[in-house]
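Got a sequence here, can you model it:
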Amino acid sequence: MSAQVLNVEGLHAGYRGVEVLRDISFSVAEGEVVALLGPNGAGKTTSLLTFAGVIRPSRGAVRVLGFPSERQSTHLLAQRGMVFVPEDRGLFGQLSVADTLRLAQRSRVRETDEVMDLLPALRPLWRRKVALLSGGEQQMVALAAALVRRPRLLLLDEMSLGLAPQVVSELLAAVRRMADQDGTGVLLVEQHARVALAASDRAIVLRHGEVALEGCAEDVSSQLHVVESSYLGESGNLA
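Numbering: from 1, shown residues only. This is a model prediction of the structure:
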């Protein structure tokens, strides 16, 4: 049985005394890709920020790579093998693709060529500044910068925001291969539910800060229309 890289039990968390998450419980194992779905305001980004140690739980427990996240700084969690790719990608526009990956690869834990095999579209962009890239290309750089660190737990927040479904499929395929090859546990927040489910093992649907549905990706995909109408609403259609 694979070890858990993220374990959440009875989590309550929020901002300035306002509770956003209520009684959240689930886990992510080594080599597993889990999709976190839900409409805007459901608590998806709050969940990631809590797991990354940015927000402290008001109740419950979060263990990241076997350690309580509330007792660890985000920096220490990163040293232990957690990588968080935020919605804004966290890139420096004036750096080239090469310099961005070299900066991320300080400890030389993974050869850049191996990442290029996962994301070959970056090869011709090697010397180009990040600010001059398209949104899809920038997202590839952000993902590559995460992969060169060879994370044990990868948290991805809306990786596909503003991108074409085909680009999203390519990015998620790289995430899937990394999980399979390296045993990385992945938790991804994604707006393209069908594409996300195709690359995932399990899915969790949040509604009003609570787990409304959890199951294997195939089962959730088979009832996606029910999920959308019952849990996501018209504004949260993620198909």
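
so what's the residue of the chain positioned farthest from its centre closest to, chain neighbours aside?
What lies farthest from the middle of the chain is R127; by CA atoms, centre = their mean that is 26.9 Å. Residue nearest to R127 in three dimensions, not counting chain neighbours: S96, with 5.5 Å by CB to CB, 6 or more residues apart in numbering. In short, each C-beta sits where N, CA and C put it, glycine included.

related to what we said a few turns ago, give me the secondary structure label for the residue farthest from the centre of the chain.
Assigned by DSSP: H, G, I helix; E, B strand; the rest coil, the conformation of R127 is coil.

Now do the contacts for it.
S96, V97, A98 (CB atoms under 8 Å, 6 or more residues apart in numbering).

and what of L49?
I55.

Pull the distance from the helix or strand containing it to the chain's centre.
Under the criterion of DSSP states H and E, L49 resides in helix 44-51. Helix 44-51 has its C-alpha centroid displaced from the chain centroid by 10 Å (CA atoms, centre = their mean, to the nearest Å).

How about stretch 92-104?
Mean-position distance between stretch 92-104 and its chain equals 21 Å (CA atoms, centre = their mean).

can you check stretch 132-145 too?
On CA atoms, centre = their mean, the centre of stretch 132-145 falls 15 Å from that of its chain.

same thing with stretch 52-60?
17 Å.

By neighbours, which of the contacts of R127 wins?
V97 (25 neighbours; other CB atoms under 10 Å).

OK, contacts around it?
Neighbours of V97 in contact, by CB under 8 Å, 6+ apart: L122, L125, W126, R127, R128, V130, L133, V141, A144.

if we go to 10 Å?
91, 112, 122-130, 133, 137-138, 140-141, 144-145 (CB atoms under 10 Å, 6 or more residues apart in numbering).

And L91, by the same measure?
Here L91 is in contact with V85, V97, T100, V130, A131, L133, Q138, Q139, V141, A142, A145 (CB under 10 Å, 6+ apart).

my guess is it is in a helix, correct?
No - judged by three-state DSSP, L91 forms no part of a helix; its state is coil.

Can we start the residue count at 830 from this point?
With the count now opening at 830, the last piece we talked about shows up as L920.

For it, give me the pLDDT.
Per-residue confidence (pLDDT) for L920: 85.

One more: the one 5 residues further on?
Model confidence at S925, given as pLDDT, is 90.

and if you look at V883?
88.

cool, A1068 as well?
40.

Please apply the same query to A974.
89.

Which residue, other than its chain neighbours, is closest to it?
Using CB to CB, 6+ apart, the closest residue to A974 is A933 (4.0 Å).

As a check, name the ranges of all strands in the chain.
For the chain, strands defined by DSSP state E occupy the ranges 833-844, 847-858, 862-866, 888-893, 896-897, 911-914, 982-986, 1014-1018, 1031-1036, 1039-1045.

What does the pLDDT read for M988?
For M988, the predicted pLDDT is 80.

Check whether it really touches V914, as I assumed.
Yes - contact criterion CB atoms under 10 Å: M988 and V914 qualify, at 6.8 Å.

which residues do those two both contact?
Between them, M988 and V914 share these contacting residues under CB under 10 Å, 6+ apart: Q968, A971, L972, A975, L1017.

what's across from the most centrally placed residue in the chain in the sheet?
With distances taken as CA atoms, centre = their mean, L985 lies nearest the centre of the chain, 1.9 Å away. Under DSSP bridges, the beta-bridge partners of L985 are V914, L1017.

and G922, what are its phi and psi?
Phi and psi for G922, reported as degrees, to the nearest 10, are phi -60, psi -30.

Thanks a lot, catch you later.
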